[in-house]
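**Q** Give me the fold of what follows.
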Amino acid sequence: MPKLKTHKGTAKRFRVTKNGKVMRMNAGRTHLRRRKKSSKKSDFRHAVPTTVTYIVKQVKQMGGQAVEQ
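**A** Coordinates of the predicted model:
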């Protein structure tokens, strides 16, 4: 059976930690940035874990080697 290719859209949006958590960035970072407080904008810089189980399963299946690093 041939190797599975990494889904590049998934690799750009998610990363998997060593413990197997799937991390994602917060939405709303780029739109209407002038009006947002600096504390709100700084909160967007940090990745948060994804807890929805079916999304975690899909990301790990589609990610391949690129997401696991």
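**Q** roughly how far apart are Lys8 and Lys36?
**A** Separation of Lys8 from Lys36 (C-beta to C-beta, to the nearest Å): 29 Å. (Glycine included, C-beta is placed from N, CA and C.)
**Q** wait, Val48
**A** 17 Å.
**Q** So for those two, which sits in the more crowded spot?
**A** Lys36 (15 against 11; other C-beta atoms under 10 Å).
**Q** Now do the nearest residue to Lys60 once chain neighbours are set aside, the pLDDT please.
**A** Counting by C-beta to C-beta, 6 or more residues apart in numbering, the nearest residue to Lys60 once its immediate chain neighbours are dropped is Val16, at 6.7 Å. Note on Val16: pLDDT of 88.
**Q** what does Gln65 give?
**A** We have a pLDDT of 50 for Gln65.
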